[in-house]
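1. any chance you could fold what I've pasted below:
(2 chains)
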Amino acid sequence: MGLGRVYKTRSETVTALDSVDLKIREGELFGVLGPNGAGKTTLIKILVTLLLPTSGTARVDGFDVVTEYRRLRPRISIVSGGENAGYGILKVREQLWMFSQFYGMPSGPARARIDELLERLGLADVANRQISGLSSGMRQKMNLVRGLMTDPRVLFLDEPTVALDVGAARDLRQEVGRWMEEDPTRTVILTTHYMQEADDLCDRIAIVNKGRIVIEGTPHSLKAEVQRDVVVDLQLEPGTPLLDRLREVEGVGAASVREEDGIDRFSLLLVDDGVLTNVISTVERSGRRVAGLAKRQPTLEDAFVKLVGRSMSEEEAN
Amino acid sequence: MNDRAEGARLFLKTIVARAYPRVVAANRQKSWVFFDLAFPLVGTFAMVFVYEGLHAPKQFLGFVVMGGAMLAFWQNVLWSMGAQFSWDRDNGTLELYAISPTTFEGVLLGMAVGAMFTTTIRGAAVLLIGSLLFGVSYSLSGILPAAGIFLLTLAALYCLGMLLASLFLFYSREAWHLSNALQEPVNFLSGLYFPVKALGAYVGGAASLIPLTLGLDAMRQVLLPGTPRFLSPGLETLAVAAQIPLFAFLAYSSLRFMEARARREGKLISKWS
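-> You can find the predicted model right below:
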């Protein structure tokens, strides 16, 4: 409640989290969505007891993260994207056993649990391979096994699929889902800047930007924010910048653009179909040529653009 | 099981688990033959030839061989204890230690136990090869006392290593600079290749803060009769023994301070801050 974190250096003061109020229910897969630098990782670091808040309080599984952190730690676990923790000279099974000991697990049950999870994630064949010889996908699956093997009450996943190929990311998501199904009281808090990942996985989502929660709700309810808008994908061949002019067109609720294969792909939220005429006129006046135009269903990305005013990539660039 | 017993069990498990990679590394990483055996031997040979060229008494060769063996421990304390937490921070391991129920003390002690095991094998190899090659003979009656002094010296040295681990996190983003900076001065001050008495009372007294200095000198005195006496072996042993609780306490306090500061400032433990 009222969670805040300010970093002070000699030259500046940075507010990474600003009065965040959040309630995550037991058994929920909760997504924290936002661009890089939005405050997601700071929030997670506070919740996993690595960082103290400068204001407010937070409880995880009933324990205060500041005063009861020693009692909380056995009940949580974290898996981060691009994680290289551990020692490359160890074999997969050895490394996992080592971490299990830091949680006080008896060696026998720990080894059995490790083997079971390695099997489920398709890593049984590399259980005796040195970690230094693993691909990044295998390594991240091994990290997930580390996170799951202690059966935490709350599992934190910090950008767990970043830089993974599609197959490895899918396997990870599937395993997280399966792990939660085994025990409906298990809770997962996921940070990501992949909208689709959040949409597919999460029961509820909080969109974070500039250290504040912009909105919180189910993926469905967030998309409903833009349900009444007309969502249009407009593809233009290269030319003069047009984003700001399109945003100024009356009836355009929000606009964002990304470049792909030499084509500028605009996403426009329009109040109604009639606005499209003004949009096309603006494009024609700029001298740019239309390469494609299509209406589509709203996504979380559209909700983000509408709520924040800019796309996630624009926020990151900013 | 009550909290205290559970804590002790977790502590012991952590020591064994963290020692494991060190012991395993001894078998899997063959490069140790160069770094921990060949290189110390080369340095030892060079000093032996200097003493032989000067027609120094035979026991000087013993000083050098024993110093060469103990050098492996100092290098190990610097690079595998002092710098280890910095490397663990850089690859994200330190964060995982921090959020697990275990303690940094258990992790460090495990590192120390594993390192002592492997380095003792390497140090013994240097001692054996050097002694055989250069015909160094030792006093048989001194072997048992020397073994006792050796264990006390190791305990004090690795407690110092545990202290260095958190100090390196405070004062250096690049731990290897600090390790480099500390290596040669300590090699000199601890009298690895000459009797400590040669340093004089003041420099020798200051150098005595390094457990290696007095420990090595005491071992030389009991194993190589005629070694120039800096202090009596008994007094030197007592001083080394006193350093164990001193460095252990400083290491503990430093770790507590580091952990509190890390949580307060978001630094030290996390790679991104």
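2. tally of neighbours for the nearest residue to B:Pro211 once chain neighbours are set aside?
-> Using CB to CB, 6 or more residues apart in numbering or on different chains and skipping the chain neighbours, the partner closest in space to B:Pro211 is B:Ala156 (3.5 Å). Glycine gets a C-beta too; all of them are placed from N, C-alpha and C. Using other CB atoms under 10 Å in any protein chain shown, B:Ala156 has 25 neighbouring residues.
3. wait, B:Ala156 sits on B:Phe247?
-> Yes: with contact taken as CB atoms under 8 Å, B:Ala156 and B:Phe247 are classed as touching, separated by 6.1 Å.
4. before we move on, back to that, ok, the residue nearest to B:Pro211 to B:Gly215 distance?
-> 7 Å (CB to CB, to the nearest Å).
5. and for the two, which residues touch both?
-> Shared contacts of B:Ala156 and B:Gly215, defined by CB atoms under 8 Å, 6 or more residues apart in numbering or on different chains, are found at B:Val240.
6. show me what from the stretch 151-273 of chain B comes close to chain A.
-> B:Ala262, B:Arg263, B:Arg264, B:Gly266, B:Ile269, B:Ser270, B:Trp272 (CB under 8 Å from any CB of the partner chain).
7. narrow those to just the buried residues.
-> Buried by 16 or more other CB atoms under 10 Å in any protein chain shown: B:Ala262, B:Arg263, B:Gly266, B:Ile269, B:Ser270, out of these.
8. so what's the last one up against?
-> For B:Ser270, the set of contacting residues under the criterion of CB under 8 Å, 6+ apart consists of A:Lys45, A:Leu50, A:Leu51, B:Arg89, B:Glu95, B:Ala262.
9. taking the buried ones among the residues of the stretch 151-273 of chain B next to chain A together, which two end up most distant?
-> Largest separation among those by CB to CB: B:Arg263 and B:Ser270, giving 10.1 Å.
10. quick one: low-confidence ranges for chain B?
-> Where chain B drops to pLDDT under 70, the residues are B:1, B:172-175, B:271-273.
11. now the helices for it?
-> Listed in chain order, the helices found in chain B under DSSP state H are B:3-28, B:32, B:39-53, B:58-76, B:84-90, B:93-99, B:104-134, B:143-171, B:175-189, B:200-207, B:211-223, B:233-265.
12. winner for burial among those helices?
-> Stretch with highest mean neighbour count among the helices of chain B: helix B:211-223 (a mean of 27; mean count of other CB atoms under 10 Å in any protein chain shown).
13. helix B:58-76 and that one, what's the angle between them?
-> Angle of helix B:211-223 versus helix B:58-76, following axes from the mean of the first three to the mean of the last three CA atoms, to 10 degrees, is 150 degrees.
14. name the nearest residue to B:Met66, sequence neighbours excluded.
-> Nearest to B:Met66 is B:Arg220, by CB to CB, 6+ apart, at 6.0 Å.
15. could you verify my assumption that A:Val20 touches A:Gly4?
-> Yes: using CB under 8 Å, A:Val20 is in contact with A:Gly4, at 7.2 Å.
16. which of those two has more neighbours?
-> Between A:Val20 and A:Gly4, A:Val20 has the larger neighbour count (other CB under 10 Å), namely 24 against 18.
17. coming back round to it: and the gap between the residue nearest to B:Met66 and chain A?
-> 35 Å (CB to the nearest CB, to the nearest Å).
18. now B:Tyr138: phi and psi?
-> phi -120, psi 160 (degrees, to the nearest 10).
19. burial measure for it, as a count.
-> Using other CB under 10 Å, B:Tyr138 has 20 neighbouring residues.
20. please apply the same query to A:Lys223.
-> Neighbours around A:Lys223, by other CB under 10 Å: 19.
21. what sits closest to it if chain neighbours are left out?
-> A:Pro298 (5.1 Å).
22. distance check, the one residue in chain A that gets nearest to chain B against A:Val65.
-> Proximity of chain A to chain B (CB to the nearest CB) peaks at A:Gln101, 3.4 Å away. Using CB to CB, one obtains 24 Å as the distance from A:Gln101 to A:Val65.
23. pretty sure A:Thr282 contacts A:Leu243?
-> No: here A:Thr282 lies out of contact with A:Leu243, judged by CB under 8 Å, at a distance of 11.1 Å.
24. end-to-end on stretch A:146-157?
-> 12 Å (CA to CA, to the nearest Å).
25. state the mean pLDDT of it.
-> Taken as a whole, stretch A:146-157 has an average pLDDT of 97.
26. by contact count, what packs against the longest helix seen in chain A?
-> Under DSSP H, the helix in chain A containing the largest number of residues is helix A:166-182. Helix A:166-182 makes packing contacts with strand A:29-33, helix A:136-149, strand A:154-158, helix A:195-201 when contacts are defined by 3 or more CB pairs under 8 Å, 6 or more residues apart in numbering or on different chains; DSSP states H and E.
27. distance to A:Leu234 and mean neighbour count for these - can I get that in a markdown table?
-> Converted to a markdown table, the helices and strands packed on helix A:166-182 look like this (distance: least, CB to CB, whole Å; neighbours: other CB atoms under 10 Å in any protein chain shown):
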| stretch | distance to A:Leu234 | mean neighbour count |
| --- | --- | --- |
| strand A:29-33 | 25 | 26 |
| helix A:136-149 | 36 | 23 |
| strand A:154-158 | 35 | 24 |
| helix A:195-201 | 19 | 19 |
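28. quick check, the residue in chain B closest to chain A?
-> B:Ala17 (3.4 Å).
29. widest-spaced pair of the residues of the stretch 151-273 of chain B next to chain A?
-> So, these by CB to CB: farthest apart are B:Arg264 and B:Trp272, at 16.3 Å.
30. could you break chain A into its assigned domains?
-> Using automatic domain parsing, the domain parsing of chain A gives A:3-217, A:225-317.
31. so of those domains, which one's packed in deepest?
-> On a mean-neighbour basis (criterion: mean count of other CB under 10 Å), the most buried of these is domain A:3-217, at a mean of 19.
32. tell me the span between the first and last residue of that domain.
-> For domain A:3-217, the first-to-last residue distance is 19 Å (CA to CA).
33. same check, this time on stretch B:49-57
-> First-to-last residue span, stretch B:49-57, CA to CA: 13 Å.
34. who's in contact with that stretch?
-> Around stretch B:49-57, the neighbours that count as contacts under CB under 8 Å, 6+ apart are B:Phe60, B:Leu61, B:Val64, B:Gly226.
35. and if we set it to 6 Å?
-> B:Phe60 (CB atoms under 6 Å, 6 or more residues apart in numbering or on different chains).
36. residues from the stretch 1-150 of chain B in reach of chain A?
-> Contacts of the stretch 1-150 of chain B with chain A, taken as CB under 6 Å from any CB of the partner chain, map to B:10, B:13-14, B:17, B:21, B:25, B:28, B:91-93, B:96, B:98-102.
37. since that was my last question, I'll sign off now.
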